[in-house]
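A.B. asks: Pasting a predicted model and its sequence here:
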Amino acid sequence: MRLFAALFLAAALAAARAHGEEDPRLVPAQGALAHGDFAQAIDQLRPLAKGGDVEALFLLGLALELARPPLGDSKEAHDAYLRAAKAGHPGAQNNLGALYFTGRGVPRNYVEAARWYRAAADANHVEAQQSLALLYSEGLGVEQDDTEMVKWLMRAAQAGSARAQAQLARRYLDGEGVQQNAAEAVRWFLPAARNGHAWAQFFLGLLLQKGQGVMRDLDAAHAWFVRAADAGNVPAMRELAKIYELGLGVPADPESARRWNEQAAKIETPAQ
(Lines give C-alpha, C1' and ligand atoms only; values in the text may rest on other atoms or scores of the structure.)
Protein backbone atom coordinates (compact mmCIF):
# COMPACT_ATOMS: atom_id res chain seq x y z
CA MET A 1 0.00 0.00 0.00
CA ARG A 2 2.84 2.41 0.82
CA LEU A 3 4.50 1.65 -2.53
CA PHE A 4 1.21 2.25 -4.37
CA ALA A 5 0.71 5.55 -2.54
CA ALA A 6 4.26 6.63 -3.36
CA LEU A 7 3.85 5.81 -7.04
CA PHE A 8 0.42 7.44 -7.14
CA LEU A 9 1.78 10.57 -5.46
CA ALA A 10 4.78 10.77 -7.78
CA ALA A 11 2.56 10.47 -10.85
CA ALA A 12 0.12 13.05 -9.51
CA LEU A 13 2.86 15.56 -8.71
CA ALA A 14 4.41 15.06 -12.15
CA ALA A 15 1.02 15.68 -13.74
CA ALA A 16 0.52 18.74 -11.57
CA ARG A 17 3.82 20.22 -12.72
CA ALA A 18 2.97 19.45 -16.34
CA HIS A 19 -0.46 21.06 -15.97
CA GLY A 20 1.00 24.50 -16.33
CA GLU A 21 3.79 26.76 -15.20
CA GLU A 22 4.91 25.97 -11.70
CA ASP A 23 3.28 28.29 -9.18
CA PRO A 24 5.92 29.35 -6.63
CA ARG A 25 3.23 29.48 -3.94
CA LEU A 26 2.72 25.73 -4.38
CA VAL A 27 6.37 24.67 -4.40
CA PRO A 28 6.72 24.23 -0.59
CA ALA A 29 3.54 22.13 -0.44
CA GLN A 30 4.67 20.03 -3.41
CA GLY A 31 8.00 19.45 -1.70
CA ALA A 32 6.26 18.43 1.52
CA LEU A 33 4.02 16.04 -0.40
CA ALA A 34 6.97 14.51 -2.20
CA HIS A 35 8.57 13.77 1.20
CA GLY A 36 5.36 12.40 2.70
CA ASP A 37 4.91 15.34 5.08
CA PHE A 38 1.15 15.57 4.67
CA ALA A 39 0.59 17.73 7.74
CA GLN A 40 2.82 20.50 6.39
CA ALA A 41 1.37 20.18 2.90
CA ILE A 42 -2.20 20.45 4.19
CA ASP A 43 -1.38 23.49 6.33
CA GLN A 44 0.19 25.26 3.36
CA LEU A 45 -2.52 24.31 0.88
CA ARG A 46 -5.66 25.08 2.88
CA PRO A 47 -5.40 28.89 2.63
CA LEU A 48 -4.73 28.72 -1.12
CA ALA A 49 -7.54 26.25 -1.65
CA LYS A 50 -9.92 28.40 0.38
CA GLY A 51 -9.13 31.23 -2.02
CA GLY A 52 -10.17 29.05 -4.94
CA ASP A 53 -6.77 28.12 -6.40
CA VAL A 54 -7.60 25.07 -8.54
CA GLU A 55 -4.19 23.40 -8.34
CA ALA A 56 -4.12 23.92 -4.58
CA LEU A 57 -7.55 22.30 -4.32
CA PHE A 58 -6.31 19.28 -6.27
CA LEU A 59 -3.16 18.92 -4.19
CA LEU A 60 -5.13 19.38 -0.96
CA GLY A 61 -7.47 16.60 -2.03
CA LEU A 62 -4.47 14.42 -2.79
CA ALA A 63 -2.86 15.08 0.60
CA LEU A 64 -6.12 14.45 2.46
CA GLU A 65 -6.73 11.24 0.52
CA LEU A 66 -3.25 9.78 1.08
CA ALA A 67 -2.63 10.87 4.67
CA ARG A 68 -3.44 8.43 7.43
CA PRO A 69 -6.24 9.18 9.91
CA PRO A 70 -6.84 11.35 11.80
CA LEU A 71 -5.08 13.73 9.42
CA GLY A 72 -6.45 12.03 6.34
CA ASP A 73 -10.08 12.62 5.46
CA SER A 74 -11.64 11.06 2.35
CA LYS A 75 -14.79 13.18 2.67
CA GLU A 76 -12.81 16.43 2.79
CA ALA A 77 -10.63 15.11 -0.06
CA HIS A 78 -13.81 14.56 -2.08
CA ASP A 79 -14.95 18.13 -1.44
CA ALA A 80 -11.59 19.56 -2.54
CA TYR A 81 -11.48 17.37 -5.63
CA LEU A 82 -15.06 18.32 -6.51
CA ARG A 83 -14.30 22.05 -6.52
CA ALA A 84 -11.21 21.50 -8.68
CA ALA A 85 -13.04 19.05 -10.94
CA LYS A 86 -15.87 21.50 -11.57
CA ALA A 87 -13.20 24.02 -12.57
CA GLY A 88 -11.94 21.56 -15.19
CA HIS A 89 -8.89 20.01 -13.52
CA PRO A 90 -8.36 16.57 -15.17
CA GLY A 91 -6.40 15.10 -12.25
CA ALA A 92 -9.12 16.08 -9.80
CA GLN A 93 -11.78 14.68 -12.14
CA ASN A 94 -9.92 11.38 -12.33
CA ASN A 95 -9.40 11.14 -8.58
CA LEU A 96 -13.01 12.09 -7.92
CA GLY A 97 -14.07 9.29 -10.24
CA ALA A 98 -11.85 6.92 -8.29
CA LEU A 99 -13.49 7.94 -4.99
CA TYR A 100 -16.93 7.19 -6.41
CA PHE A 101 -15.70 3.93 -7.92
CA THR A 102 -14.30 2.66 -4.61
CA GLY A 103 -16.77 4.36 -2.28
CA ARG A 104 -14.09 6.24 -0.31
CA GLY A 105 -15.51 9.32 1.39
CA VAL A 106 -18.78 8.99 -0.54
CA PRO A 107 -21.29 6.21 -1.23
CA ARG A 108 -20.10 4.03 -4.11
CA ASN A 109 -21.67 5.31 -7.32
CA TYR A 110 -20.55 3.92 -10.66
CA VAL A 111 -22.60 6.44 -12.62
CA GLU A 112 -20.79 9.33 -10.94
CA ALA A 113 -17.49 7.50 -11.37
CA ALA A 114 -18.14 7.19 -15.10
CA ARG A 115 -19.15 10.83 -15.34
CA TRP A 116 -15.92 12.11 -13.84
CA TYR A 117 -13.68 9.55 -15.51
CA ARG A 118 -15.13 10.60 -18.87
CA ALA A 119 -14.50 14.28 -18.16
CA ALA A 120 -10.85 13.52 -17.37
CA ALA A 121 -10.53 11.05 -20.25
CA ASP A 122 -11.82 13.65 -22.71
CA ALA A 123 -9.00 15.89 -21.42
CA ASN A 124 -6.49 13.11 -22.26
CA HIS A 125 -5.92 11.91 -18.70
CA VAL A 126 -4.47 8.44 -19.35
CA GLU A 127 -5.44 6.83 -16.03
CA ALA A 128 -9.01 8.01 -16.50
CA GLN A 129 -9.07 6.56 -20.01
CA GLN A 130 -8.03 3.17 -18.63
CA SER A 131 -10.60 3.33 -15.85
CA LEU A 132 -13.35 4.36 -18.27
CA ALA A 133 -12.42 1.42 -20.49
CA LEU A 134 -12.89 -0.87 -17.49
CA LEU A 135 -16.34 0.56 -16.79
CA TYR A 136 -17.40 -0.06 -20.40
CA SER A 137 -15.94 -3.55 -20.27
CA GLU A 138 -17.90 -4.46 -17.14
CA GLY A 139 -21.00 -2.33 -17.74
CA LEU A 140 -20.52 -0.37 -14.50
CA GLY A 141 -22.25 3.00 -14.52
CA VAL A 142 -22.56 2.77 -18.30
CA GLU A 143 -24.00 0.32 -20.79
CA GLN A 144 -21.53 -2.47 -21.50
CA ASP A 145 -19.91 -1.52 -24.80
CA ASP A 146 -16.86 -3.28 -26.24
CA THR A 147 -16.40 -0.62 -28.90
CA GLU A 148 -16.12 2.14 -26.30
CA MET A 149 -13.91 -0.07 -24.14
CA VAL A 150 -11.44 -0.61 -26.99
CA LYS A 151 -11.57 3.05 -28.01
CA TRP A 152 -10.48 4.27 -24.57
CA LEU A 153 -7.90 1.53 -24.11
CA MET A 154 -6.47 2.41 -27.52
CA ARG A 155 -6.20 6.11 -26.62
CA ALA A 156 -4.36 5.29 -23.40
CA ALA A 157 -2.12 2.78 -25.18
CA GLN A 158 -1.26 5.27 -27.90
CA ALA A 159 -0.37 7.78 -25.18
CA GLY A 160 2.26 5.34 -23.94
CA SER A 161 0.60 3.63 -20.97
CA ALA A 162 2.25 0.21 -20.55
CA ARG A 163 -0.74 -1.08 -18.61
CA ALA A 164 -3.17 -0.05 -21.35
CA GLN A 165 -0.88 -1.49 -24.01
CA ALA A 166 -0.78 -4.83 -22.19
CA GLN A 167 -4.55 -4.86 -21.66
CA LEU A 168 -5.19 -4.03 -25.30
CA ALA A 169 -2.79 -6.77 -26.37
CA ARG A 170 -4.67 -9.30 -24.21
CA ARG A 171 -7.91 -8.29 -25.88
CA TYR A 172 -6.40 -9.01 -29.29
CA LEU A 173 -4.84 -12.24 -28.07
CA ASP A 174 -8.12 -13.57 -26.63
CA GLY A 175 -10.48 -11.98 -29.16
CA GLU A 176 -12.29 -10.15 -26.37
CA GLY A 177 -14.14 -7.09 -27.67
CA VAL A 178 -12.08 -7.19 -30.87
CA GLN A 179 -11.40 -9.69 -33.62
CA GLN A 180 -8.71 -12.11 -32.47
CA ASN A 181 -5.40 -11.09 -33.98
CA ALA A 182 -2.11 -12.45 -32.62
CA ALA A 183 -0.04 -10.03 -34.70
CA GLU A 184 -1.86 -7.06 -33.15
CA ALA A 185 -1.33 -8.64 -29.74
CA VAL A 186 2.41 -8.77 -30.40
CA ARG A 187 2.33 -5.18 -31.64
CA TRP A 188 0.98 -3.96 -28.30
CA PHE A 189 2.74 -6.41 -25.99
CA LEU A 190 6.10 -5.24 -27.36
CA PRO A 191 6.04 -1.58 -26.17
CA ALA A 192 4.49 -2.62 -22.85
CA ALA A 193 7.24 -5.21 -22.39
CA ARG A 194 9.92 -2.67 -23.26
CA ASN A 195 8.40 -0.36 -20.63
CA GLY A 196 8.85 -3.04 -17.97
CA HIS A 197 5.35 -4.56 -17.80
CA ALA A 198 6.10 -8.07 -16.50
CA TRP A 199 2.92 -9.74 -17.77
CA ALA A 200 3.49 -8.25 -21.23
CA GLN A 201 7.02 -9.65 -21.14
CA PHE A 202 5.65 -13.09 -20.22
CA PHE A 203 3.02 -13.16 -22.96
CA LEU A 204 5.44 -11.79 -25.53
CA GLY A 205 7.78 -14.63 -24.59
CA LEU A 206 4.99 -17.16 -25.12
CA LEU A 207 4.09 -15.77 -28.54
CA LEU A 208 7.73 -15.74 -29.63
CA GLN A 209 8.15 -19.28 -28.33
CA LYS A 210 5.14 -20.51 -30.29
CA GLY A 211 5.68 -18.37 -33.37
CA GLN A 212 2.17 -16.99 -32.94
CA GLY A 213 1.67 -13.58 -34.55
CA VAL A 214 5.43 -13.27 -34.98
CA MET A 215 8.31 -15.33 -36.35
CA ARG A 216 9.36 -18.00 -33.86
CA ASP A 217 12.44 -16.94 -31.92
CA LEU A 218 13.41 -19.09 -28.93
CA ASP A 219 16.34 -16.84 -27.96
CA ALA A 220 14.13 -13.75 -27.79
CA ALA A 221 11.42 -15.72 -25.96
CA HIS A 222 13.96 -16.83 -23.36
CA ALA A 223 15.20 -13.26 -22.90
CA TRP A 224 11.67 -11.93 -22.26
CA PHE A 225 10.91 -14.77 -19.84
CA VAL A 226 14.06 -13.89 -17.90
CA ARG A 227 13.06 -10.21 -17.69
CA ALA A 228 9.56 -11.12 -16.53
CA ALA A 229 10.88 -13.65 -14.00
CA ASP A 230 13.39 -11.16 -12.64
CA ALA A 231 10.43 -8.82 -12.06
CA GLY A 232 8.70 -11.52 -10.00
CA ASN A 233 6.36 -13.04 -12.60
CA VAL A 234 5.75 -16.63 -11.44
CA PRO A 235 4.45 -18.07 -14.76
CA ALA A 236 7.65 -16.82 -16.42
CA MET A 237 9.70 -18.61 -13.75
CA ARG A 238 7.78 -21.81 -14.40
CA GLU A 239 8.27 -21.41 -18.13
CA LEU A 240 12.02 -20.94 -17.66
CA ALA A 241 12.14 -24.06 -15.50
CA LYS A 242 10.48 -26.01 -18.31
CA ILE A 243 12.83 -24.51 -20.91
CA TYR A 244 15.91 -25.58 -18.95
CA GLU A 245 14.43 -28.97 -18.10
CA LEU A 246 13.67 -29.80 -21.75
CA GLY A 247 16.47 -27.82 -23.38
CA LEU A 248 14.14 -25.65 -25.46
CA GLY A 249 16.50 -23.32 -27.33
CA VAL A 250 19.09 -23.56 -24.57
CA PRO A 251 21.22 -26.44 -23.33
CA ALA A 252 19.35 -28.59 -20.85
CA ASP A 253 20.28 -27.46 -17.34
CA PRO A 254 18.58 -29.32 -14.46
CA GLU A 255 20.15 -26.99 -11.89
CA SER A 256 18.67 -23.87 -13.53
CA ALA A 257 15.31 -25.65 -13.86
CA ARG A 258 15.39 -26.48 -10.15
CA ARG A 259 16.37 -22.92 -9.21
CA TRP A 260 13.51 -21.31 -11.14
CA ASN A 261 10.97 -23.80 -9.79
CA GLU A 262 12.14 -23.13 -6.24
CA GLN A 263 11.98 -19.37 -6.75
CA ALA A 264 8.42 -19.67 -8.07
CA ALA A 265 7.43 -21.89 -5.15
CA LYS A 266 8.73 -19.33 -2.63
CA ILE A 267 6.48 -16.66 -4.11
CA GLU A 268 3.47 -18.96 -4.41
CA THR A 269 3.87 -20.17 -0.83
CA PRO A 270 5.19 -17.24 1.24
CA ALA A 271 6.73 -17.93 4.64
CA GLN A 272 4.23 -18.00 7.48
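C.D. replies: Perfect, I can see it now.

A.B. asks: State the distance from the most centrally placed residue in the chain to residue 129.
C.D. replies: Note on the chain: the residue nearest the mean C-alpha position is residue 163, at 5.5 Å, using C-alpha atoms, centre = their mean. Using C-beta to C-beta, to the nearest Å, residue 163 is found at 11 Å from residue 129. Heads up, the C-betas are built off the backbone N, CA and C, glycines and all.

A.B. asks: and if you look at residue 198?
C.D. replies: According to C-beta to C-beta, residue 198 stands 22 Å off from residue 129.

A.B. asks: Which of the two has more residues huddled nearby?
C.D. replies: The residue with more neighbours, out of residue 198 and residue 129, is residue 129; 27 against 22, by other C-beta atoms under 10 Å.

A.B. asks: next structured bit after the helix or strand containing the more buried one?
C.D. replies: Per DSSP states H and E: residue 129 is located in helix 126-138. The helix or strand immediately downstream of helix 126-138 is helix 146-158, counting by DSSP H and E.

A.B. asks: which residues do residue 163 and residue 129 both contact?
C.D. replies: By C-beta atoms under 8 Å, 6 or more residues apart in numbering, residue 163 and residue 129 have these common neighbours: residue 156.

A.B. asks: Contact partners for residue 242?
C.D. replies: Contacts for residue 242 (C-beta under 8 Å, 6+ apart) come out as 248, 257.

A.B. asks: so residue 263 is in which element?
C.D. replies: helix 254-268.

A.B. asks: I'd like to know which elements that helix is packed against.
C.D. replies: Contacts defined by 3 or more C-beta pairs under 8 Å, 6 or more residues apart in numbering; DSSP states H and E place helix 254-268 against helix 234-246.

A.B. asks: and the angle for the helix it packs on with helix 254-268?
C.D. replies: Calculated by axes from the mean of the first three to the mean of the last three C-alpha atoms, to 10 degrees, helix 234-246 forms an angle of 160 degrees with helix 254-268.
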